[in-house]
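>>> The sequence isn't on hand, but the structure is:
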């Protein structure tokens, strides 16, 4: 955001210089902004808007990859249960992936989100004001976050008493929530 702010300061200086030159050249028509400056500002707007769309697509990709990892962890846990091996680790891994879905990523992603927030970037500023999104979240609403974290907690508890049917039931709830947020 600091780079963006500097860009705006530079753009403002160019705009001021351009209008001064226009007046000095005897433009009596008044207040039209030179086409080159308008084109540059339009290009800057395209860049900012593309950045927001790219952030949305990237978070969506993070969620998709996390969901796929969760599917693999579920499969491993069910295989361990079926074979009579200890499934605790696989179930705990599954719970961690579901938690990451609710949090739009792990701690390293949260650090980037914090950095963006500190720079003044709020992807869903209106949604935050309405209480729909936690600060800095891009796709996962507060309601979806709560549902996913609740599922993660229930899955985590299954690590102590592995049950394939209970895992399937909980994963079905995760899948419904995932499909809802990925629309």
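It's in. Small disclaimer: the values here were computed from a predicted structure and weren't measured.
>>> Tell me where the longest helix sits in the protein.
Ranked by residue count under DSSP state H, the longest helix found in the chain is helix 35-83.
>>> the helices in the protein, which residues?
Listed in chain order (using DSSP H), the helices of the chain are 2-24, 35-83, 88-102, 107-118, 125-129, 142-158, 164-181.
>>> By mean pLDDT, show me the worst of those helices.
Comparing mean pLDDT over those, the weakest stretch is helix 2-24, at a mean of 49.
>>> so what's residue 156 up against?
Residues near residue 156 by Cβ atoms under 8 Å, 6 or more residues apart in numbering: 91, 92, 95. All C-beta spots, glycine's among them, are computed from the backbone N, C-alpha and C.
>>> any idea which of those residues is closest to residue 110?
residue 95 (17.5 Å; Cβ to Cβ).
>>> before we move on, the earlier item: for the longest helix of the chain, the distance to its chain's centre please.
Per Cα atoms, centre = their mean, to the nearest Å, the displacement of helix 35-83 from the mean C-alpha position of its chain is 7 Å.
>>> relative to helix 164-181, how tilted is that helix?
On the basis of axes from the mean of the first three to the mean of the last three Cα atoms, to 10 degrees, helix 35-83 is oriented at 170 degrees to helix 164-181.
>>> In stretch 136-152, which residues are buried?
Within stretch 136-152, the residues that qualify as buried by neighbour count (16 or more other Cβ atoms under 10 Å) are 136-141, 144-145, 147-149, 151-152.
>>> How about residues contacting that stretch?
Defining contact as Cβ under 8 Å, 6+ apart, one finds that stretch 136-152 is touched by 55-56, 59-60, 63, 95-96, 98-99, 101-104, 113-114, 116-117, 121-124, 127, 131-134, 170, 173-174, 177, 180-182.
>>> now stretch 165-174
Stretch 165-174 is contacted by residues 70, 74, 77-78, 81, 91, 94, 98, 101, 147-148, 151, 154-155, 158 when judged by Cβ under 8 Å, 6+ apart.
>>> Now the two most distant members of these.
Taking every pair in these and measuring Cβ to Cβ, the maximum separation is 24.5 Å, between 81 and 147.
>>> With residue 104 as the reference, measure out to residue 90.
Taking Cβ to Cβ, to the nearest Å as the criterion, residue 90 is separated from residue 104 by 23 Å.
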